[in-house]
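Engineer: What would the 3D arrangement of this be:
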Amino acid sequence: MIVRVTGERAAVEDASNLRELRVDIVETDDATAGGALRAAGLGELSGEHAWLDIAALRTAGNGDDEWLAGFADMIRYAAREGWVEGDRVRAHVVRG
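Structural biologist: Okay, the predicted model is just below:
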């Protein structure tokens, strides 16, 4: 999954990709990007990472059984790596 932040807009793109989780920040500064993530209900920016709301990410998928199982696997993997805190998952941030 890729969360793309452009200007003051944040949205989940490529929800079918459950092998990757990142936030792409394009054409905006961190303060604006953080505000866009919060306004979209997706999470918050924290340095080189973003903390994303797991429930908000779940609603971005197609909701079929196969996708939900893959999403659960992605979150379990993140939890094993120490990237889950409560109802949030840590994602790498790519600026460009």
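
Engineer: What mean pLDDT does the helix ranked longest in the chain get?
Structural biologist: Ranked by residue count under DSSP state H, the longest helix found in the chain is helix 65-80. If you average the pLDDT over helix 65-80, you get 97.

Engineer: Run through the neighbouring helices and strands of that helix.
Structural biologist: Taking 3 or more Cβ pairs under 8 Å, 6 or more residues apart in numbering; DSSP states H and E as the contact definition, the neighbouring helices and strands of helix 65-80 are helix 54-59, strand 88-95. C-beta: built from backbone N, CA, C; applies to glycine.

Engineer: How far off centre is that helix?
Structural biologist: What separates the centre of helix 65-80 from the centre of its chain is 13 Å, taken as Cα atoms, centre = their mean, to the nearest Å.

Engineer: cool, and stretch 45-53?
Structural biologist: Between the mean C-alpha point of stretch 45-53 and the mean C-alpha point of its chain there is a distance of 8 Å (Cα atoms, centre = their mean).

Engineer: Ok, stretch 14-31 next?
Structural biologist: Put simply, stretch 14-31 sits 7 Å off its chain's centre (Cα atoms, centre = their mean).

Engineer: Show me what counts as buried in that stretch.
Structural biologist: Across stretch 14-31, burial judged by 16 or more other Cβ atoms under 10 Å covers Ala15, Leu18, Leu21, Arg22, Val23, Asp24, Ile25, Thr28.

Engineer: mind checking how far the residue of the chain positioned farthest from its centre is from Tyr77?
Structural biologist: Relative to the C-alpha centroid of the chain, counting by Cα atoms, centre = their mean, Asp65 is the outermost residue, at 20.4 Å. When distance is defined by Cβ to Cβ, to the nearest Å, Asp65 is 19 Å away from Tyr77.

Engineer: Closest one of the buried residues of stretch 14-31 to Phe71?
Structural biologist: Nearest to Phe71, judged by Cβ to Cβ, of those is Leu18 at 5.9 Å.
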